[in-house]
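>>> need a structure here:
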Amino acid sequence: MAARFHQHDRDPELKQKRKLSQYLDKLVQQHLEGIKKVSLDYIFCSDEHLLGINRQFLDHDTFTDIITFDLSEKESEVVGEIYISVDRIRDNAAKFKAAYEQELHRVIFHGALHLCGFTDKKPADKKEMTAQEDAALQGYFAG
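The predicted structure follows:
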């Protein structure tokens, strides 16, 4: 399986995990050539847990919805650990007037896209990332 989904201290109420895992594999393959292995571990947690990771590894003292660690050792593989705050997803869904399930999947795809080389630091990069997230959402929910 390309992706595995773990609950640290929050249940994301994620449905159709097998379908999502297969879609994530296709998403990575679509953006990167020659990938022989896709292994993504998604860990769903609280704001507090992700804040601790943010402080420890990135020296940031802020809440965030996602932190992605690229653990790939070869060019032919995409291996990553993606930590997602379910608390942040719920708050952002309300803030952006989006359905929780939609926001959850947007962030799941966001982590995979980071591992494919997409960034979101500059405005132009953020615009491209959002376009890629939108395309992934449309492709996933249409299928």
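>>> C-alpha only now, for contacts and for neighbours.
Will do.
>>> what ranges do the strands span in this structure?
Along the chain, the segments classed as strands by DSSP state E run 3-7, 37-45, 66-70, 77-85.
>>> can you name every helix or strand that the second one contacts?
Judged by 3 or more Cα pairs under 8 Å, 6 or more residues apart in numbering; DSSP states H and E, strand 37-45 is in contact with strand 3-7, strand 77-85, helix 86-95.
>>> try 6 Å this time
Here strand 37-45 touches strand 3-7, strand 77-85, going by 3 or more Cα pairs under 6 Å, 6 or more residues apart in numbering; DSSP states H and E.
>>> give the rounded mean pLDDT of the longest helix anywhere in the chain.
Longest helix of the chain, by residue count under DSSP state H: helix 123-142. Mean pLDDT, helix 123-142: 97.
>>> before we move on, what about stretch 89-97?
For stretch 89-97, the per-residue pLDDT averages 97.
>>> what's the answer for stretch 63-70, then?
Across stretch 63-70, pLDDT averages out at 96.
>>> shift numbering so it begins at 24
With the count now opening at 24, the last piece we talked about shows up as stretch 86-93.
>>> any buried residues in stretch 149-156, and which?
By neighbour count with 16 or more other Cα atoms under 10 Å, stretch 149-156 contains the buried residues 152, 155, 156.
>>> quick one: the helices and strands packed on strand 60-68 as TSV, columns for mean neighbour count too.
Below are the helices and strands packed on strand 60-68 laid out as TSV (neighbours: other Cα atoms under 10 Å):
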stretch	mean neighbour count
strand 26-30	17
strand 100-108	23
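>>> TSV please, covering those strands and showing mean pLDDT.
Formatted as TSV, the helices and strands packed on strand 60-68 follow (pLDDT from 0 to 100):
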stretch	mean pLDDT
strand 26-30	97
strand 100-108	97
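>>> make a markdown table from those and add distance to residue 54 to it.
Converted to a markdown table, the helices and strands packed on strand 60-68 look like this (distance: least, Cα to Cα, whole Å):
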| stretch | distance to residue 54 |
| --- | --- |
| strand 26-30 | 16 |
| strand 100-108 | 11 |
